[in-house]
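Undergrad: Quick one: sequence and predicted model below, then my questions.
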Amino acid sequence: MAKNLVIVESPTKAKTIQKFLSGLKDTYIVRPCFGHIRDLPENEFGVDIEEGFKPKYVILPKAKKTIANLKKYLKETQKTILATDEDREGEAIAWHLIKALDLEKLEKEKKIKVERIVFHEITKKAIKEALKTPRKIDMRLVEAQKARRILDRLLGYKLSPFLWEKVAPGLSAGRVQSVALRLICEREKERENFKPEKYFIIEGIFKKKKDKFKARLEKIEGKKIKKPGLKDEKEAKKIKKDLEKRTWRVKKIQRKERIQNPPPPFTTSLLQQEAWRRFYFPAKFTMKIAQALYEKGYITYHRTDSFNLSQESLFSAKKVIEEMFGKEYWAGFFRKYKTKSKLSQEAHEAIRPTFPKRTPQALKGKLKKEEYKLYKLIWERFIATQMTASKIEETKVEIEDKEEQKYIFGTRGEIIKFEGYLKVYPYLKIKENLLPDLQENEKVLLSQIKLLSQETKPPPRYTEATLVKTLEKNGIGRPSTYAPIISTIQERGYVKKDNKKRLYPTEIGKVVSELLTTHFPEVVDINFTAKMEEDLDRIAKGEIDWKKPLETFYFPFIELLKKKEKEISKKEIMEEKTDQICPRCKSPLVIRIGKYGKFFACSNFPKCSFTKNFYKKTGILCPKCKKGEIVERKGKNGKTFYACSLFPKCDFISWQKPK
C-alpha cells in the first residue's frame with residue numbers, strides 16, 4: 001500500500017522523481033496533474049467585481065479525468081506531498097490541487113496529512129532534502145498569481161469585444177502582449193520614416209615589405225572625422241587624390257593587455273537570447289527544451305532571473321575545470337555574479353547543469369538533438385563562469401603623412417595571448433587581427449586607396465533575442481512570460497517574421513497598436529506595465545494586498561472604455577479617404593484593412609463590390625515601359641519592393657527605390 005502520494009506537473013517529472021524515491025523506507029507513488037487544473041471559466045467573465053474581484057474558479061474540462069484518478073490514490077495514502085514548481089504558477093497549482101481534491105477537509109478530519117515541498121533541481125539529493133523540510137502553501141505567491149490572472153481577465157475580457165466592434169471579429173488584447181506589439185510597431189515606424197544619408201569612408205591598403213594591412217582615415221588636420229564618415233562626395237574625392245601623392249610613416253604604436261572576464265551564468269532571458277543567436281531557437285521552443293532537460297534532472301530550474309550559484313556547484317565546477325583543462329584555467333576563486341534587477345529572486349539559482357561533471361559528450365547518446373545543443377550551451381556557459389579571464393593584446397597604430405602631418409590613418413590589431421574561459425565558451429565577438437611587426441617612425445607604403453560609399457541604415461527590426469532583452473530591461477514580464485508574449489502576438493496575426501527571422505507588424509497589428517496607443521495609452525505604457533509587474537512582486541512579498549493593483553487599474557479603465565465605445569466609429573479606424581474614383585460606379589474609393597493588409601474598396605459597398613490591390617504612389621515614371629508609375633508594395637516577408645503600377649502588363653520590379 002502506498003503511504004505517500006507525490007503530485008507534480010508532468011509525466012516526465014513524475015518518472016524522474018519516482019526513480020529517485022524508489023527503494024526508500026517509506027513508499028512513494030508519484031503522479032502528474034498535467035499543469036493547471038482550475039482556472040477562470042472560458043465562456044464567462046468569472047470575476048465578481050462587487051465582491052472585491054472574487055474569482056469564480058472551475059475545474060478545466062481537460063483536468064476532470066486527472067482529478068478523478070488522483071482522488072482514487074488518496075484513499076490509499078496517509079500523506080499527500082505537493083511538489084509543483086517553486087514559482088508563482090507552481091504555488092498556485094498546488095493551492096488549486098488542495099481545493100479540487102478537498103485536501104483541507106481530509107486533513108481536518110485527520111484522514112490525510114498535506115505537505116508542500118520545493119526544490120531547484122531534480123536530483124536525488126535535492127528531493128530527499130526537500131522531503132525533510134516541508135512547508136505550508138505560501139499564500140502570498142498564490143495571491144500574486146491570482147491578481148495577475150484576474151488582471152489579465154479584466155483587460156482581455158473587456159477590451160477584446162471593443163476590438164471586435166471597432167476593428168475586426170476575433171481579435172484580442174493582452175496586458176503585456178500589447179506593450180510588446182507597441183515596441184515592434186514603433187520600431188517599424190522608425191524604419192519607415194528613416195531617411196538614409198550617404199557618407200564616404202577612405203580606406204588605405206598599406207604595405208611593409210610583403211605584409212599588407214588595412215587602415216582607415218581618422219583625422220584631418222588634427223580633427224577627428226565625425227561618425228559615420230565624410231558627407232561631401234566632392235570633398236572626399238579631393239582628399240583621396242591628395243592622399244595618393246603623399247608618403248607615409250608610422251606615427252604612434254600603443255600596446256595594452258585587455259582582460260576579458262567570462263559572462264554570467266544563464267538566467268531565463270539570457271538563455272532565450274543566446275539560444276536564438278546560436279541556433280535560431282524561438283523563445284517558446286527554448287523553454288520547451290529547457291523544460292524537458294529540467295524534468296529529466298539534467299539542469300536546474302529554467303525559470304529564473306537570478307545569477308546565484310550554489311557553493312556545491314562551484315566546487316564541482318572547479319574540479320571539472322582542473323581535470324579537463326588544467327589548474328591554470330580555474331579562476332583561483334569562486335566567481336559570484338550580482339543581478340542588477342531589484343526584483344530578482346536571489347533565493348533561486350541561475351540555470352546550470354545539475355552535475356557539472358556530466359559533460360555534454362557523456363550525454364550525447366541520451367539526449368535528442370535539440371536537447372543536446374541546449375544542454376551543451378548551458379554546461380559550457382556555467383563552466384566558463386568559473387574559469388580564468390582571457391588575455392587579449394590590443395595594438396593601436398597611427399600612420400601619418402610625412403610631408404605636412406595633415407592626415408592620420410588608424411588601425412587596430414588584436415591577439416589572444418591566453419584563452420582562459422574562451423577555451424570552453426568561444427562565442428563572444430573577439431576577432432584576431434594580426435598586424436605586421438611595425439616600429440614607430442618607420443616608413444610604410446600606401447599601395448592602394450579606396451573611397452567607399454555607404455549609407456546610414458535604419459534601426460534593425462527586433463529579433464526574438466533583442467525583444468526579450470528590451471522587455472527585461474524595461475521590467476516588462478517575468479522569466480515565465482517572455483516566451484508566451486512573443487508566441488501570442490504571432491499566433492494572433494499581429495506580428496510576423498521576415499526572411500531574416502526578424503519581427504515586423506502586420507497591417508492589423510499596426511491598427512490595433514495605434515488604436516490602443518491613441519485611446520488607451522495606459523494599457524500600452526511601458527512604465528505602467530512595469531509598475532504593475534512590481535506590484536505583483538510586492539504582493540508575492542506580502543507588502544501590499546492583492547486587490548490594490550486591481551482597484552487602481554479597473555475602475556478608471558472601465559470608465560474610459562465606456563467613453564471610447566461611444567466616441568469611436570469603425571470607419572475612422574478602418575477606412576482612409578483617397579482621391580481615386582471607382583471605375584464601375586464612379587463613387588470615391590477608400591483604403592480598407594483586411595486580413596491580408598490594405599486594399600482599395602468602393603465606398604458604395606455593398607451595392608458596389610469593386611476592390612483592387614493597395615499600393616503607395618512614388619510619383620516616379622516606370623523606367624521600363626515609360627507609361628506606368630512606380631508604386632511601393634510589400635512582399636509576404638514584409639520587405640518593401642518597387643514595381644510598375646501596370647503590372648502584369650509591365651513586369652518591372654526592384655528592391656531599391658528608382659530615382
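TA: Here it is on my side, so go on.

Undergrad: Might you report the residue contacts of residue 376?
TA: Shown in contact with residue 376 (Cβ atoms under 8 Å, 6 or more residues apart in numbering): residue 360. For glycine as for every other residue, the C-beta is placed from the backbone atoms N, C-alpha and C.

Undergrad: repeat for residue 611
TA: Residues counted as contacts of residue 611 (Cβ under 8 Å, 6+ apart) are 599-602.

Undergrad: Show me the shaky parts of the stretch 351-500 of the chain.
TA: For the stretch 351-500 of the chain, the stretches with pLDDT under 70 are 428-431.

Undergrad: those helices in it, which residues are they?
TA: Applying DSSP state H, counting those that start in this stretch to the stretch 351-500 of the chain gives helices spanning 360-363, 369-385, 464-473, 482-491.

Undergrad: Is it possible to get a markdown table of the ones you listed that adds distance to residue 587?
TA: Shown next, in a markdown table, are the helices of the stretch 351-500 of the chain (distance: least, Cβ to Cβ, whole Å):
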| stretch | distance to residue 587 |
| --- | --- |
| helix 360-363 | 68 |
| helix 369-385 | 56 |
| helix 464-473 | 43 |
| helix 482-491 | 37 |
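
Undergrad: Relative to residue 310, which of these is closest?
TA: helix 369-385 (11.4 Å; Cβ to Cβ).

Undergrad: List the buried residues of that closest one.
TA: Buried positions in helix 369-385, judged by neighbour count with 16 or more other Cβ atoms under 10 Å: 370-385.

Undergrad: Enumerate every residue touching the residue lying closest to residue 5 once chain neighbours are set aside.
TA: Excluding the flanking residues, the one nearest residue 5 by Cβ to Cβ, 6 or more residues apart in numbering is residue 77, at 4.2 Å. Residue 77 makes contact with 2-5, 29, 112 under the criterion Cβ under 8 Å, 6+ apart.

Undergrad: For residue 77, which three-state class applies?
TA: coil (DSSP: H, G, I helix; E, B strand; the rest coil).

Undergrad: ok, now residue 255?
TA: strand.

Undergrad: could you pull out the strands for the stretch 201-350 of the chain?
TA: 211-220, 223-224, 248-260 (DSSP state E, counting those that start in this stretch).

Undergrad: Now do the second one, average pLDDT.
TA: It refers to strand 223-224. Strand 223-224 shows a mean pLDDT of 96.

Undergrad: Domain ranges for this structure, per the record?
TA: What automatic domain parsing lists as the domains of the chain is 4-137, 149-193+461-567, 204-261+390-455, 268-385, 574-654.

Undergrad: Quickly, which of these bottoms out on average pLDDT?
TA: Across those, domain 574-654 gives the lowest mean pLDDT, at a mean of 86.

Undergrad: end-to-end on it?
TA: Distance across domain 574-654, first residue to last, is 30 Å (Cα to Cα, to the nearest Å).

Undergrad: Could you check how far it is from the centre of its chain?
TA: 36 Å (Cα atoms, centre = their mean, to the nearest Å).

Undergrad: What of stretch 23-41?
TA: On Cα atoms, centre = their mean, the centre of stretch 23-41 falls 31 Å from that of its chain.

Undergrad: residue nearest the centroid of this structure?
TA: Central residue of the chain (Cα atoms, centre = their mean): residue 468, 2.2 Å from the mean position.

Undergrad: which residues does it contact?
TA: Listed by Cβ under 8 Å, 6+ apart, the contact partners of residue 468 are 269, 272-273, 276, 283, 482, 486.

Undergrad: if you look at the residues you listed, which of them are in helices?
TA: Of the positions in the contacts of residue 468, 269, 272-273, 276, 283, 482, 486 sit in helices, assigned by DSSP state H.

Undergrad: farthest residue from the center of the protein?
TA: residue 403 (54.0 Å).

Undergrad: Against residue 246, how distant is that residue?
TA: 6 Å (Cβ to Cβ, to the nearest Å).

Undergrad: For the contacts of residue 77, which two are the farthest from each other?
TA: 29 and 112 (13.9 Å).

Undergrad: Verify the stated contact: residue 84 with residue 93.
TA: Yes: counting by Cβ atoms under 8 Å, residue 84 does reach residue 93; the two are 4.6 Å apart.

Undergrad: Check the contact lists of the two and give me the overlap.
TA: Counting by Cβ under 8 Å, 6+ apart, the shared contacts of residue 84 and residue 93 are 9, 33.

Undergrad: Just the buried residues of the contacts of residue 77.
TA: The neighbour count (16+ other Cβ under 10 Å) marks 2, 4-5, 29, 112 as buried among those.

Undergrad: Please flag which of those residues sit within strands.
TA: Under the assignment DSSP state E, the buried ones among the contacts of residue 77 contribute 4-5, 29 to strands.

Undergrad: Minimum distance to residue 119: which of the strands of the stretch 201-350 of the chain has it?
TA: Among the strands of the stretch 201-350 of the chain, strand 248-260 sits nearest to residue 119 (Cβ to Cβ), with 35.1 Å.

Undergrad: other SSEs contacting the closest one?
TA: strand 390-401, strand 407-418, strand 443-455 (3 or more Cβ pairs under 8 Å, 6 or more residues apart in numbering; DSSP states H and E).

Undergrad: Contacts made by it with the rest, please.
TA: With Cβ under 8 Å, 6+ apart, strand 248-260 has contacts from 206, 389-402, 405, 408-409, 417, 420, 428, 430, 438-446.

Undergrad: Could you tell me the angle between that strand and strand 211-220?
TA: 90 degrees (axes from the mean of the first three to the mean of the last three Cα atoms, to 10 degrees).

Undergrad: List the strands paired with strand 248-260, with their directions.
TA: Listed by DSSP bridges, the sheet partners of strand 248-260 and their directions read strand 390-401 (antiparallel), strand 443-455 (antiparallel).

Undergrad: re earlier: which of the contacts of residue 611 count as buried?
TA: 599-602.

Undergrad: List buried residues within the contacts of strand 248-260.
TA: 206, 389-392, 395, 397-401, 408-409, 420, 438, 444, 446.

Undergrad: Now stretch 219-232: buried residues?
TA: Residues 220, 225, 229-230 are the ones in stretch 219-232 that count as buried (16+ other Cβ under 10 Å).

Undergrad: Quick check: the residue nearest to the centre of the chain vs residue 183, distance?
TA: According to Cβ to Cβ, residue 468 and residue 183 sit 11 Å apart.

Undergrad: Leaving out the residues flanking it, which one is nearest to residue 185?
TA: residue 513 (4.2 Å).

Undergrad: if we can go back for a sec, right, and the strands of the stretch 201-350 of the chain - which one's nearest residue 198?
TA: Nearest to residue 198 among these is strand 211-220 (16.9 Å), distances taken as Cβ to Cβ.

Undergrad: Listing partners with orientation, what would you give for the closest one?
TA: Here, using DSSP bridges, strand 211-220 pairs with strand 198-208 (antiparallel), strand 223-224 (antiparallel), strand 407-418 (antiparallel).

Undergrad: can I get the CA coordinates of the last one in CSV?
TA: Once side chains and other backbone atoms are set aside, the C-alpha atoms of strand 407-418 remain, and they are given as CSV (Å, rounded to 0.1, in the frame of the first residue of the first chain):
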residue,chain,number,x,y,z
TYR,A,407,46.3,63.2,-42.4
ILE,A,408,46.2,60.3,-39.9
PHE,A,409,45.1,56.7,-40.7
GLY,A,410,44.3,54.4,-37.8
THR,A,411,44.1,50.6,-37.5
ARG,A,412,43.8,48.1,-34.6
GLY,A,413,45.2,44.7,-34.1
GLU,A,414,44.0,42.1,-31.6
ILE,A,415,45.7,38.9,-30.5
ILE,A,416,44.5,36.4,-27.9
LYS,A,417,47.5,35.8,-25.6
PHE,A,418,45.7,33.4,-23.2
